[in-house]
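Colleague: Here you go, sequence then predicted model.
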Amino acid sequence: MRSVGVKVLKNKLSEYLRFAAAGETVLVTDRDRVIAELIPPREGRSVAVADAFLAEAVRRGWLTAPAIRGDGPPPRLPVASSQDLLSELAGDRADR
């Protein structure tokens, strides 16, 4: 376990992040008072930030995981045919 002052941490952030990534806990101090901890990621933590946010939201009950895993977004039915859209566009242009 290491401790570092805010000023030194600011100047050598990358170094202390490497310590935390290697499994070491770093205590951040301000005037000899611990104000934060840099800890290594938990086991099973996703590498991608978006995946980590989603996993945390599911753990807290903000989101519910899907019951069936899909291969992509659900298929969408067309709102209108392309011919209808083109004729509506031509009508709009004629009004000008």
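Modeller: Now that the structure is in, tell me what you want to look at.
Colleague: where do the helices sit along this structure?
Modeller: With DSSP state H as the criterion, the chain has helices at 6-11, 13-21, 49-59, 82-95.
Colleague: worst average pLDDT in those?
Modeller: Lowest mean pLDDT of these: helix 49-59, a mean of 82.
Colleague: Endpoints of stretch 41-55, how far apart?
Modeller: 14 Å (C-alpha to C-alpha, to the nearest Å).
Colleague: Of all the residues in that stretch, which ones are buried?
Modeller: Neighbour-count burial for stretch 41-55 flags A55 (criterion: 16 or more other C-beta atoms under 10 Å). Bear in mind the C-beta positions are built from the backbone N, C-alpha and C, glycine included.
Colleague: residues in contact with that stretch?
Modeller: Residues from elsewhere that reach stretch 41-55, judged by C-beta atoms under 8 Å, 6 or more residues apart in numbering: 21, 63.
Colleague: For the nearest residue to K12 once chain neighbours are set aside, name its beta-bridge partners.
Modeller: Nearest residue to K12, sequence neighbours excluded (C-beta to C-beta, 6 or more residues apart in numbering): V4, at 7.7 Å. V4 forms beta bridges with V28, as assigned by DSSP bridges.
Colleague: circling back: relative to P75, which of the helices of the chain is closest?
Modeller: Checking these against P75 by C-beta to C-beta gives helix 82-95 as the closest, at 17.5 Å.
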